[in-house]
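Student: Make a model of this:
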Amino acid sequence: MFTYFPLTAPVTALLRNAFGTLSPLESGLVIAELPIVGILIFRLAVHLFRYGAIAYGKKRSIAGTFRRSELAAK
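Tutor: Below is the predicted model:
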């Protein structure tokens, strides 16, 4: 289970590989999952930083940062 959770996947995958319980299919999934999740989290961070820099000093909700109508008005 922890092998597929992105925060713990590198450590648990290496440990499972060392003990010989990680199958080639599971290792391929982990290798594919980590860069994809990393790119998605990076894009989210960039979006929140850009919007936060524009709307500095205004109280906003998390859902409000992703509404296109509010972003287009700025």
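Student: Could I get the pLDDT score of residue 20?
Tutor: We have a pLDDT of 94 for residue 20.
Student: Check residue 74 too.
Tutor: On pLDDT, residue 74 comes in at 53.
Student: same check, this time on residue 12
Tutor: Residue 12 is assigned a pLDDT of 94 by the prediction.
Student: Next up, identify which helix or strand residue 42 is on.
Tutor: Using DSSP states H and E, residue 42 sits in helix 24-54.
Student: Tell me the buried residues in that helix?
Tutor: Within helix 24-54, the residues scored as buried using 16 or more other C-beta atoms under 10 Å are 30, 33, 51. C-beta here means a position set from N, CA and C on the backbone, and glycine is covered the same way.
Student: Now do it: which elements does it pack against?
Tutor: Applying 3 or more C-beta pairs under 8 Å, 6 or more residues apart in numbering; DSSP states H and E, one finds that helix 24-54 makes contact with helix 9-19.
Student: buried ones in the helix it packs on?
Tutor: For helix 9-19, a neighbour-count test (16+ other C-beta under 10 Å) marks 9, 12, 13, 16 as buried.
Student: Isn't the last one up against residue 1?
Tutor: Read that as residue 16. No - judged on C-beta atoms under 8 Å, residue 16 makes no contact with residue 1 at a distance of 11.3 Å.
Student: Now do the helix holding residue 42, average pLDDT.
Tutor: Helix 24-54 shows a mean pLDDT of 89.
Student: Okay then, goodbye and thanks.
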